[in-house]
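Trainee: can't give you the sequence, but here's the structure:
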């Protein structure tokens with residue numbers, strides 16, 4: 001028995017005052033509506049309506065049941081409206097996971113701009129340098145960096161690409177000189193970033209003549225976040241491969257200089273991952289669209305700063 005359908009039929013009969021009027025409103029036959037209410041009474045084992053040849057009237061139990069049915073059906077209609085509205089109007093809380101560097105340097109700025117446009121959306125942002133199980137951990141979306149993604153069954157959108165550059169403090173290069181090619185790093189202290197994305201003993205460089213592999217000694221210092229590595233480089237501890245987003249401010253302020261400016265390494269893609277395409281919640285859909293518009297602009301701005309810095313401050317190598 002479809003209890004909700006039978007409840008709706010009963011409410012319609014009670015509100016219209018007749019089976020015929022209720023049948024017309026519901027686009028059903030009078031006999032069908034009468035049988036539906038009878039089934040409901042049999043299910044409840046309670047008479048809800050007094051029936052005569054001229055009129056119907058609610059029993060005392062029917063009056064109480066009518067109020068409850070109206071409340072229940074009202075809640076259902078409200079829930080349906082909210083769910084339908086979620087598909088069309090961004091509102092509510094977005095639970096987002098992002099890898100730490102991307103989150104700190106790109107996502108927080110993007111969230112600020114997004115919220116100016118969609119004021120009814122709030123964010124619960126978790127930063128962690130790991131992949132996450134979106135469903136098990138309850139995230140709406142995860143933003144990760146990786147060379148490529150394994151097949152996870154989730155929807156993925158590529159937001160752009162980032163990479164790392166070699167940087168040192170001015171004091172360090174004043175004492176130890178500039179390396180010009182990857183092989184020169186053998187005589188320098190190279191600081192290591194160790195996390196789920198990067199922890200390589202060999203650095204693969206992209207340079208003017210293609211790819212070149214260099215063996216480097218990381219025994220002096222290693223750390224698990226890019227911003228901490230940046231602080232170590234600024235302190236003059238050695239040369240570090242810094243993600244562009246971590247290096248930019250130090251290069252701009254003069255606390256860092258880029259070494260081997262014709263070379264880059266650790267080229268990684270930035271992806272947005274979310275569970276499903278079908279009936280996508282409006283806040284998730286608009287957030288992904290916003291990231292696809294916003295992140296490439298931020299990446300281009302940082303790229304331009306890198307080019308300007310290399311052209312303006314670094315001596316010819």
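Mentor: Sure, I can see it. Predicted model only: the values in this text are computed from it and were never measured.

Trainee: For stretch 184-194, give me every contacting residue.
Mentor: With contacts defined as C-beta atoms under 8 Å, 6 or more residues apart in numbering, stretch 184-194 is touched by 176, 179, 199, 203, 214-218, 220-226, 229, 232-233, 237-241. Yep, even glycine has a C-beta here, placed from its N, CA and C like the rest.

Trainee: likewise stretch 101-111?
Mentor: Contacts to stretch 101-111, defined as C-beta under 8 Å, 6+ apart, come from residues 96, 98, 123, 125, 127, 129, 143-145, 162, 225-227, 243, 245-246, 270, 290-291, 294-295, 298.

Trainee: Quick check, residue 95 in contact with residue 134.
Mentor: No. Using C-beta atoms under 8 Å, residue 95 is not in contact with residue 134; the gap is 9.4 Å.

Trainee: Overlap of the contact sets of these two?
Mentor: When contacts are counted by C-beta under 8 Å, 6+ apart, residue 95 and residue 134 are jointly contacted by residue 140.

Trainee: circling back: quick one: buried ones out of the contacts of stretch 184-194?
Mentor: Buried members of these, scored by 16 or more other C-beta atoms under 10 Å, are 179, 203, 214, 216, 218, 221, 223, 225-226, 229, 232-233, 237-241.

Trainee: what about the closest residue in space to residue 26 that isn't next to it in sequence, how many neighbours?
Mentor: Closest residue to residue 26 apart from its sequence neighbours, by C-beta to C-beta, 6 or more residues apart in numbering: residue 12 at 5.8 Å. Using other C-beta atoms under 10 Å, residue 12 has 20 other residues around it.

Trainee: Spell out the secondary structure type for residue 12.
Mentor: Three-state assignment for residue 12 (DSSP: H, G, I helix; E, B strand; the rest coil): helix.

Trainee: confidence score at it?
Mentor: If you check residue 12, the pLDDT there is 91.

Trainee: Isn't it up against residue 24?
Mentor: No. Residue 12 is not in contact with residue 24 according to C-beta under 8 Å; the separation is 9.7 Å.

Trainee: quick one on the thing from earlier: just the buried residues out of the contacts of stretch 101-111, in ChimeraX syntax.
Mentor: Burial among the contacts of stretch 101-111 is assessed by 16+ other C-beta under 10 Å; the matching ChimeraX selection reads:
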select :96,98,123,127,129,143,144,145,162,225,226,243,245,246,270,290,291,294,295,298
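
Trainee: domain assignment for this structure?
Mentor: 3-88, 95-317 (automatic domain parsing).

Trainee: so how far is residue 203 from residue 294?
Mentor: Taking C-beta to C-beta, to the nearest Å as the measure, residue 294 falls 30 Å from residue 203.

Trainee: hmm, back to that, show me the contacts of stretch 184-194 that map onto strands.
Mentor: Among the contacts of stretch 184-194, the members found in strands (DSSP state E) are 203, 214, 215, 222, 223, 239, 240, 241.

Trainee: can you tell me which of the residues you listed lies nearest to residue 47?
Mentor: For these, the closest approach to residue 47 (C-beta to C-beta) belongs to residue 223, at 76.9 Å.

Trainee: and the closest residue in space to that closest one that isn't next to it in sequence, what does it touch?
Mentor: Among residues not flanking residue 223 along the chain, residue 229 sits closest, at 5.2 Å (C-beta to C-beta, 6+ apart). Residues counted as contacts of residue 229 (C-beta under 8 Å, 6+ apart) are 191, 192, 193, 223, 240, 242, 246.

Trainee: Many thanks, we can stop here.
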